[in-house]
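Trainee: can you look at this prediction? I've put the sequence above it.
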Amino acid sequence: MRLVIVLVAIAALSVASCGGDDEAADARDADDAFTAERAAHDTAEQAIAKALLKGDCAVAVTDHFVRRSYGSLEGCRAASEAGALADSVRVEDVSVRGDAANAIVIPSGGTYDGVKIHVTLVRDPIWKVDELVANIPAGP
């Protein structure tokens, strides 16, 4: 039913724009596309912030991420204790393609202080961190 309503609305907008100012319609379409892209970037950045700054192990990350990175929800929560989390995070780049996104972030404070992290996100139905990849030295 929603699809039919959306299609009818699109058809009505198409008819209404016939014979009108095509440049204005193109500008509105470009603005709408930019707004949708910016919204996707904003929500992806919010998921990154929840995962890296707040240690959100239940909502901001996928089950796949929790199992692969920590083994269990309890392991994730234990790793998110005070001192391990970043104080802030700088998002350098977000690339959204449909229901997947990639970002490069650099946290300040915590375990990954100053390290460039490649973040993979998926929309399920909200943006969630699915993978973090960073080149950090291991061991003493």
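Mentor: Now that the structure is in, tell me what you want to look at.
Trainee: which other residues reach stretch 103-115?
Mentor: Surrounding stretch 103-115, the residues in contact under the criterion Cβ atoms under 8 Å, 6 or more residues apart in numbering are 44-45, 48, 52, 83-95, 116-119, 121, 134-136. The C-beta positions use only the backbone N, C-alpha and C, and glycine is treated the same way.
Trainee: hmm, try it at 10 Å
Mentor: Contact with stretch 103-115 is made by 41, 44-45, 47-49, 51-53, 55, 79-80, 82-96, 116-121, 129, 132, 134-137, as judged by Cβ atoms under 10 Å, 6 or more residues apart in numbering.
Trainee: ok, stretch 123-131 next?
Mentor: The contact list for stretch 123-131, computed with Cβ under 10 Å, 6+ apart, reads 40-48, 50-52, 56, 59-66, 68-69, 96, 98-103, 117-122.
Trainee: could you pick out the buried ones from the contacts of stretch 103-115?
Mentor: Under a neighbour-count criterion of 16 or more other Cβ atoms under 10 Å, the subset of the contacts of stretch 103-115 counted as buried comprises 41, 44-45, 47-49, 51-53, 55, 80, 85-86, 89, 94, 96, 117, 119, 121, 129, 132.
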